[in-house]
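K.L.:
this is a predicted model, with the sequence first.
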Amino acid sequence: MKTIITLFLAIGSILPLAAQEHPGSQPPRPPRHPQEGPGRKQQKEMLLDRLQLTTAQREQLKKEQEQALEKVLTTEQKKKLSQLRQQQQQRKEEGLRQQRQQLKDRLSISEEQASKLQALQKNFMESMKKNREQLDQTIAQQRERARSLMESHQESLKKMLNTEQLQQFKDIMRDKMREGMEKWREHRDGMRRRPPTPPNAPPGRNNDTL
């Protein structure tokens with residue numbers, strides 16, 4: 001059973017990389033609306049949460065995922081997986097570079113300040129994620145911890161930015177949320193208009209595709 005779970009999670013970690021290899025083959029995947037149900041990554045996190053895995057168990061499972069892939073994939077597939085991961089890392093780095101440039105332009109700060117601001121935001125998001133993974137806490141304790149983290153984050157931002165810059169930073173975050181919601185609505189509407197796929201049609205192809 002443990003091997004099945006490990007292989008399931010390992011394969012699930014590859015699918016997002018494969019989808020990114022052909023960005024034009026499908027619409028972008030914006031943040032999912034809470035009522036639409038969880039995405040693949042969220043489903044994986046929900047599975048791990050329901051199993052009530054400790055941090056040590058999660059690390060062990062990650063290690064076993066890599067070992068499972070080593071046993072299952074061919075040499076050519078391993079090479080392809082390595083290429084996909086490199087491409088993913090490059091896209092991530094490019095996204096961070098663009099984000100730094102936006103912060104520099106809109107907040108009138110230096111490259112060093114933009115990098116520190118990025119690092120601060122990253123640490124905050126990671127702390128919030130770890131808080132959600134602390135299964136030995138009650139819901140009330142998690143909420144209190146989240147509130148404390150947010151207050152501490154705001155204090156750190158105030159030390160780095162003046163009042164005007166802080167407001168502009170909040171505006172940037174709000175704009176990103178709006179952009180994400182707009183993309184989600186476009187994706188949702190597009191999925192609703194898509195004609196149903198015949199039962200015997202190959203997966204990933206529309207009815208009108210020859």
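P.N.:
Structure's in. What do you need? Numbering: from 1, shown residues only.

K.L.:
how about Ile109, secondary structure?
P.N.:
Secondary structure for Ile109, judged by DSSP: H, G, I helix; E, B strand; the rest coil, is coil.

K.L.:
quick one: pLDDT of it?
P.N.:
pLDDT, Ile109: 91.

K.L.:
now Arg192
P.N.:
pLDDT for Arg192: 76.

K.L.:
can you name the residues that contact the nearest residue to Ser127 once chain neighbours are set aside?
P.N.:
Leaving aside its chain neighbours, Ser127 sits nearest to Leu149 (5.3 Å; criterion: C-beta to C-beta, 6 or more residues apart in numbering). In short, each C-beta sits where N, CA and C put it, glycine included. Leu149 makes contact with Phe124, Ser127, Met128, Asn131, according to C-beta atoms under 8 Å, 6 or more residues apart in numbering.

K.L.:
my guess is the first one contacts His153. True?
P.N.:
In this case it means Phe124. Yes: using C-beta atoms under 8 Å, Phe124 is in contact with His153, at 4.5 Å.

K.L.:
if we can go back for a sec, for the contacts of Leu149, which one is nearest Glu94?
P.N.:
Nearest to Glu94, judged by C-beta to C-beta, of those is Phe124 at 22.2 Å.

K.L.:
tell me the contacts of the closest one?
P.N.:
Going by C-beta under 8 Å, 6+ apart, Phe124 touches Leu149, His153.

K.L.:
now the element after the strand or helix carrying it, going C-ward?
P.N.:
Phe124 is part of helix 111-133 when elements are defined by DSSP states H and E. Downstream of helix 111-133, the next assigned helix or strand under DSSP H and E is helix 139-160.

K.L.:
buried residues in that following helix, which are they?
P.N.:
Neighbour-count burial for helix 139-160 flags Gln142, Arg145, Leu149, His153, Ser156, Leu157 (criterion: 16 or more other C-beta atoms under 10 Å).

K.L.:
elements contacting the helix or strand just after it?
P.N.:
As assigned by DSSP H and E, the chain's next helix or strand after helix 139-160 is helix 163-193. Where contact means 3 or more C-beta pairs under 8 Å, 6 or more residues apart in numbering; DSSP states H and E, helix 163-193 is packed against helix 75-107, helix 139-160.

K.L.:
any idea of the angle helix 163-193 forms with helix 139-160?
P.N.:
130 degrees (axes from the mean of the first three to the mean of the last three C-alpha atoms, to 10 degrees).

K.L.:
with Glu151 as the reference, measure out to the nearest residue to Ile172 once chain neighbours are set aside.
P.N.:
Once flanking residues are discounted, Ile172 sits nearest to Arg106: 6.3 Å by C-beta to C-beta, 6+ apart. Distance of Arg106 to Glu151, given as C-beta to C-beta, to the nearest Å: 25 Å.

K.L.:
all good on my end, thank you.
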